[in-house]
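Chemist: Build me a model from this:
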Amino acid sequence: MKIRITERQYSKLIEQDLDLFDDVCGEEIDYVNFGYYINMVFINLPGGHPDDREMLFSRIKSSNCDIVLHNVITDEKFTLNPDDIKITNTAYKKLYINKSVYNEKIYPNLPPIEQFVEYISSTPIKEALKRAFRENWVEKNGTHVAGVVGILPIKKNNPNKWSIVNFFNTKTSIKDRITLFLVRDYKNGKFIPDNNIMESVINWMTDLFQDINSSDMRDLVEIQEKSIMTNYKQEFIEVNRIQKLYHPNESIEISGFGTIKDIVLGIDATIGGVTYQIKPLSMVNVKDDSIFVNIGFSNANDYRDKPIDRIAFANNRELYVFNNNGELIGKTYKFNKSDLITPQ
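Modeler: Purely as a prediction, here's the structure:
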């Protein structure tokens with residue numbers, strides 16, 4: 001069956017098609033911040049599933065127009081070509097651009113606050129936490145490092161009531177989010193530094209942390225809480241795997257939040273009297289008499305001067321345990337084959 005339409009109706013259909021095309025063209029993508037890894041700069045979106053990011057990437061690649069990145073916190077916008085945007089082959093399907101594209105099209109247009117951002121680091125953050133929560137700040141003792149207790153505790157049934165805010169100075173994504181808040185407040189005039197830039201940033205962070213019910217603090221706590229509980233649950237799983245394979249029926253002691261054992265000595269757990277540091281496993285390569293273990297985006301530290309007997313690397317499929325003799329090269333640990341420990 002054929003349907004006849006008038007010339008006017010045909011023109012109207014063409015206009016609608018053009019409207020639909022215009023809606024796709026020049027898509028604006030909301031993002032939270034950028035993440036940096038070697039020559040890749042990740043575009044961190046507010047949320048969503050990997051499938052959603054893959055669908056978004058498909059739309060970007062099918063577009064013939066520039067793509068606008070819109071920062072939902074600072075309201076900054078950057079224009080990119082669809083070919084500038086790429087996606088990882090990992091299960092997370094993260095969008096990213098090459099560092100060269102970032103340096104050419106984004107970095108020159110960032111607000112000139114680099115001199116402030118360097119103070120969003122470990123020591124200034126800890127000082128701001130101490131000032132913000134003076135009544136809940138406890139100095140270092142025989143078992144725990146100095147920190148905040150009683151406010152926003154990680155585990156409410158933990159007698160120590162170690163606060164989730166104590167991790168703000170160690171997590172990169174928290175520092176990145178604080179940086180975005182600083183950029184925003186600098187642009188809208190709420191952050192006005194004086195000649196002592198470090199003190200200005202610390203005072204600004206103190207005000208930020210004090211209002212635990214603000215949307216900014218809820219944002220930070222949500223990021224940190226998700227990370228801590230995910231890592232804690234995974235660490236507990238790995239400790240039990242290690243015990244079953246390497247120390248059957250031996251006792252397990254988890255070092256715990258805020259302990260000197262964990263934070264200063266690097267001991268995640270003690271199993272049957274053997275001390276362990278536990279790391280996520282990304283990739284393993286064997287070359288000649290060496291084994292190279294990469295930990296992906298996790299924090300890397302050299303533990304050879306710590307009282308750690310063994311380092312365990314684990315993912316959902318594999319578990320490798322080594323004597324603590326690994327040389328750290330970037331995010332990769334290099335061991336001799338003789339350091340690999342087989343299960344009992």
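Chemist: Flag every buried residue along stretch 38-52.
Modeler: 41, 42, 43, 44, 45 (16 or more other Cβ atoms under 10 Å). (Glycine included, C-beta is placed from N, CA and C.)
Chemist: Quick one: residues in contact with it.
Modeler: Contact partners of stretch 38-52, identified using Cβ atoms under 8 Å, 6 or more residues apart in numbering, comprise 29-36, 53, 69, 72, 85, 91-102, 106.
Chemist: These, buried ones only, as a ChimeraX selection?
Modeler: ChimeraX command restricting the contacts of stretch 38-52 to the buried ones, with burial defined by 16+ other Cβ under 10 Å:
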select :29,31,32,33,34,35,53,69,85,93,94,95,96,97,101,102,106
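Chemist: For the stretch 201-344 of the chain, just list every one of the helices.
Modeler: 215-246, 260-263 (DSSP state H, counting those that start in this stretch).
Chemist: Next: the stretch 51-200 of the chain.
Modeler: 99-101, 114-117, 122-132, 172-187, 197-210.
Chemist: Nearest to residue 238 among the ones you listed would be which one?
Modeler: helix 172-187 (22.0 Å; Cβ to Cβ).
Chemist: can you pull the pLDDT of residue 271?
Modeler: With respect to pLDDT, residue 271 scores 97.
Chemist: Ok, residue 40 next?
Modeler: For residue 40, pLDDT reads 93.
Chemist: got it, and residue 159?
Modeler: So, for residue 159, pLDDT stands at 68.
Chemist: do the same with residue 291
Modeler: At residue 291, the model reports a pLDDT of 97.
Chemist: burial measure for it, as a count.
Modeler: 20 (other Cβ atoms under 10 Å).
Chemist: isn't it right up against residue 340?
Modeler: Yes. Counting by Cβ atoms under 8 Å, residue 291 touches residue 340, with 6.3 Å between them.
Chemist: so what's in contact with these two at the same time?
Modeler: In contact with both residue 291 and residue 340: 320, 322, using Cβ under 8 Å, 6+ apart.
Chemist: what's the average pLDDT for the longest strand seen in the chain?
Modeler: Taking DSSP state E as the criterion, the chain has its longest strand at strand 274-280. For strand 274-280, mean pLDDT rounds to 95.
Chemist: Which of the helices of the stretch 51-200 of the chain sits closest to residue 162?
Modeler: helix 122-132 (12.5 Å).
Chemist: quick check: angle from that closest one to helix 215-246?
Modeler: 120 degrees (axes from the mean of the first three to the mean of the last three Cα atoms, to 10 degrees).
Chemist: okay, helix 122-132 in CSV with CA atoms only?
Modeler: Coordinates of each C-alpha in helix 122-132 appear next as CSV, following Å, rounded to 0.1, in the frame of the first residue of the first chain:
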residue,chain,number,x,y,z
SER,A,122,48.4,15.4,52.3
THR,A,123,49.8,17.7,54.9
PRO,A,124,47.5,20.8,54.3
ILE,A,125,44.4,18.5,54.2
LYS,A,126,45.4,16.9,57.5
GLU,A,127,45.9,20.4,59.1
ALA,A,128,42.5,21.5,57.8
LEU,A,129,40.9,18.4,59.3
LYS,A,130,42.5,19.1,62.6
ARG,A,131,41.2,22.6,62.6
ALA,A,132,37.8,21.7,61.4
